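Peer 1: Based on what follows, work out the 3D shape:
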Amino acid sequence: MDSSMHEFIIISKHRMYNQYLVKLRACIVLLDEQVLWRVGEAETNSIGGIINHIMVHVRRNAAKLMDPTITYKQGMEDSFIPSMQNKEQLMDEVEEAFLSFCAAILAKFTRITEVAVI
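Peer 2: Numbering: from 1, shown residues only. Next up, the predicted model:
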């Protein structure tokens, strides 16, 4: 593996887990349940719905890293639908989604390194 790919993988993992996840956690903690799932008159999505949508992106990218042949036949419009989960459940799902991305990127890095050695 060339050094630029190695650097990309390290930076991507760091940003996703040590920066973006930290900021999402902080936002979720600060909001009460009503604010998290409130849909205002002018807005079409709640903050919780947007977070769910972000998790769909993160999970899809993790899956695509593990299996580049995966294709998706429909969009992610339904991922904005307000959930019945509470803050703790949402936080657990966010953690799981970001951990799955980190695991996928590390697995990809390991596979690339093994192929380069052979």
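
Peer 1: make it CA atoms for all contacts and neighbour counts henceforth
Peer 2: Will do.

Peer 1: quick one: stretch 96-111 to chain centroid distance?
Peer 2: Between the centre of stretch 96-111 and the centre of its chain there are 11 Å (Cα atoms, centre = their mean, to the nearest Å).

Peer 1: Would you mind listing the outside residues contacting that stretch?
Peer 2: Under the contact criterion Cα atoms under 8 Å, 6 or more residues apart in numbering, stretch 96-111 has outside partners 6, 9, 13, 16-17, 21, 55, 58-59, 61-63, 65-66.

Peer 1: could you say which helix or strand contains the nearest residue to A62 once chain neighbours are set aside?
Peer 2: Residue nearest to A62 in three dimensions, not counting chain neighbours: F101, with 4.5 Å by Cα to Cα, 6 or more residues apart in numbering. Per DSSP states H and E: F101 is located in helix 87-117.

Peer 1: Distance of the closest residue to M66 other than its chain neighbours relative to F98?
Peer 2: Once flanking residues are discounted, M66 sits nearest to A104: 5.9 Å by Cα to Cα, 6+ apart. Here the criterion is Cα to Cα, to the nearest Å. By it, A104 lies 10 Å from F98.

Peer 1: next one: L36
Peer 2: 20 Å.

Peer 1: do the same with L65
Peer 2: As judged by Cα to Cα, L65 and F98 stand 13 Å apart.
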